[in-house]
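>>> Quick one, what's the 3D model for this:
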Amino acid sequence: MPGTVFGLTEAQISEFGMTYGVGGLMLLMIFIVGHLAWQSKAGKFGTFALFLGLTFGMVGYLAKFVIKFKLGIL
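Numbering: from 1, shown residues only. Predicted coordinates:
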């Protein structure tokens, strides 16, 4: 098939990367923030502040995924 890589189109590869690739990187980022909080001995409030500040950008991406799922766009 011309225009495919391993039988997948560019749109399919992009959708896979945006769903699972970015999701995996977000999970890695959560572990990194948790390790940062543990190494700095931040305490409960400090850990909460670190997670709130450093992972707030993920909320928009997750909200987009949930909204697409609820609307049946997936």
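>>> For the chain, give me the ranges with low pLDDT.
The model of the chain has pLDDT under 70 over residues 1, 74.
>>> For the top helix by length along it, report the contacting residues that lie outside it.
Counting residues, the longest helix found in the chain (DSSP state H) is helix 22-39. Helix 22-39 has contacts (C-beta atoms under 8 Å, 6 or more residues apart in numbering) with 46-47, 50-51, 54-55, 58, 61. Bear in mind the C-beta positions are built from the backbone N, C-alpha and C, glycine included.
>>> Need the buried ones from the residues you listed selected in ChimeraX.
ChimeraX command restricting the contacts of helix 22-39 to the buried ones, with burial defined by 16 or more other C-beta atoms under 10 Å:
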select :47,50,51,58
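>>> Could you dump the contacts of helix 22-39 into JSON lines with distance to Thr4 and secondary structure added?
Output for these, formatted as JSON lines (distance: C-beta to C-beta, whole Å; DSSP: H, G, I helix; E, B strand; the rest coil):
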{"residue": "Gly46", "distance to Thr4": "49", "secondary structure": "helix"}
{"residue": "Thr47", "distance to Thr4": "46", "secondary structure": "helix"}
{"residue": "Leu50", "distance to Thr4": "43", "secondary structure": "helix"}
{"residue": "Phe51", "distance to Thr4": "41", "secondary structure": "helix"}
{"residue": "Leu54", "distance to Thr4": "39", "secondary structure": "helix"}
{"residue": "Thr55", "distance to Thr4": "36", "secondary structure": "coil"}
{"residue": "Met58", "distance to Thr4": "32", "secondary structure": "helix"}
{"residue": "Tyr61", "distance to Thr4": "28", "secondary structure": "helix"}
